[in-house]
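K.L.:
here is the input, now give the coordinates:
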Amino acid sequence: MVLRDTVQITSSPEKIWPFIKDPERRRSWNPNILTVDPISWGEQSIGYQYRITYVMGKKQSTFLARVTEYRRPEKLVIRHSEGRLPRDGYVDEVYELSQNDGGTFLEQRIEIHTSGINILFRMLIYVILRFGKPNARRYLEKLKELVEIAKGQSDSAT
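P.N.:
Below is the predicted model:
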């Protein structure tokens, strides 16, 4: 099962990239991220690791996050393991950015094929996401707002 969200942002991929690659900055637009604790130090690249705690519903879970693909500023893949996942389970969080005439098209995918989530529960998640009404603003909409505010501030400073 793949959960997918997209957004068009009126900014270049280079301006959006820092908000995606830095797990601490992801906290500014993803309210489910509670804490980020680096394991690796230095510049992020393939193999970079950190522990990340998410709050989903009322439950917290801490995962080992490892960057498995890093093509700045086009694609970032983060593999989450451990936490509440089965022993060999993992979830991939994928960000792909493509520049176009209006700025940048951003796609986020959460690939939960090997997460160990029961097939009936996966179907329920799909139905809710496909046909339900979201109560809160989408995370990528919050990211868009943050990037465009930062862009406006840098434009007015020049």
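
K.L.:
what's the closest non-adjacent residue to Met56?
P.N.:
Residue nearest to Met56 in three dimensions, not counting chain neighbours: Asn32, with 6.1 Å by C-beta to C-beta, 6 or more residues apart in numbering. To be clear about C-beta, it is placed using only N, CA and C from the backbone, and glycine gets the same treatment.

K.L.:
surely Pro38 meets Tyr50?
P.N.:
Yes. Contact criterion C-beta atoms under 8 Å: Pro38 and Tyr50 qualify, at 4.8 Å.

K.L.:
settle it for me: which of the two has more neighbours?
P.N.:
Just comparing Pro38 and Tyr50: by other C-beta atoms under 10 Å the higher neighbour count belongs to Tyr50, 19 against 13.

K.L.:
quick check on the more buried one: phi, psi?
P.N.:
Per-residue torsions, Tyr50: phi -160, psi 160 (degrees, to the nearest 10).

K.L.:
which residues does it bridge with?
P.N.:
Using DSSP bridges, the beta-bridge partners of Tyr50 come out as Pro38, Ala65.

K.L.:
wait, what's in contact with it?
P.N.:
Counting by C-beta atoms under 8 Å, 6 or more residues apart in numbering, Tyr50 touches Pro23, Val36, Asp37, Pro38, Ile39, Ser40, Ala65.

K.L.:
and if we set it to 6 Å?
P.N.:
Shown in contact with Tyr50 (C-beta atoms under 6 Å, 6 or more residues apart in numbering): Pro23, Val36, Pro38, Ile39, Ala65.

K.L.:
show me what contacts the last one?
P.N.:
Under the criterion of C-beta under 6 Å, 6+ apart, the contact list for Ala65 reads Tyr50, Ile52, Ile78, His80.

K.L.:
ranges for the strands of the chain?
P.N.:
Secondary structure of the chain (DSSP state E): strands at 2-9, 33-38, 49-56, 59-71, 75-81, 90-100, 103-114.

K.L.:
tell me what the shortest one is packed against?
P.N.:
Secondary-structure packing of strand 33-38 (3 or more C-beta pairs under 6 Å, 6 or more residues apart in numbering; DSSP states H and E): helix 23-26, strand 49-56.

K.L.:
the fifth one now?
P.N.:
Identification of packing neighbours for strand 75-81 by 3+ C-beta pairs under 6 Å, 6+ apart yields strand 59-71, strand 90-100.
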